[in-house]
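[1] sharing a model prediction with you, sequence too.
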Amino acid sequence: MAFSTGVLAGVWSLLFRQWPWAWAWVSFGVYVVGMVLAMTVMQWRITRRVKR
């Protein structure tokens, strides 16, 4: 387990050194998707409460 985690960390750091902008875009995309999901869930809860 620790070995695989170390390998994963090594690969991750190598990729990060190669394409830091790509990982910046990925993290930004994940953040945006999370925000949109949270907004959608909140909106759905509000509309469901109003319909009752």
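    Perfect, I can see it now.
[2] only C-alpha atoms for contact and neighbour calcs from this point on.
    Will do.
[3] contacting residues around Ser27?
    If you count contacts by C-alpha atoms under 8 Å, 6 or more residues apart in numbering, Ser27 has none.
[4] so which strand or helix has it?
    helix 20-51 (DSSP states H and E).
[5] that helix: how far from the chain's middle?
    Relative to its chain's centre, helix 20-51 lies at 10 Å (C-alpha atoms, centre = their mean, to the nearest Å).
[6] and it, average pLDDT?
    Per-residue pLDDT over helix 20-51 has a mean of 89.
[7] what of stretch 9-17?
    80.
[8] counting neighbours, which bits of that stretch end up buried?
    By neighbour count with 16 or more other C-alpha atoms under 10 Å, stretch 9-17 contains no buried residues.
[9] pull the CA atoms of it into CSV?
    The C-alpha coordinates for stretch 9-17 follow below in CSV (Å, rounded to 0.1, in the frame of the first residue of the first chain):
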residue,chain,number,x,y,z
ALA,A,9,3.1,10.4,-5.7
GLY,A,10,6.2,10.0,-8.0
VAL,A,11,4.2,9.7,-11.1
TRP,A,12,2.0,12.6,-10.0
SER,A,13,5.0,14.9,-9.3
LEU,A,14,6.5,13.9,-12.7
LEU,A,15,3.2,14.8,-14.5
PHE,A,16,2.9,18.0,-12.5
ARG,A,17,6.4,19.0,-13.5
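[10] what's in contact with it?
    Under C-alpha under 8 Å, 6+ apart, the answer for stretch 9-17 is Trp23.
[11] in the protein, which residue is closest to the centre?
    Centroid check for the chain by C-alpha atoms, centre = their mean gives Val30 as the closest residue, at 3.0 Å.
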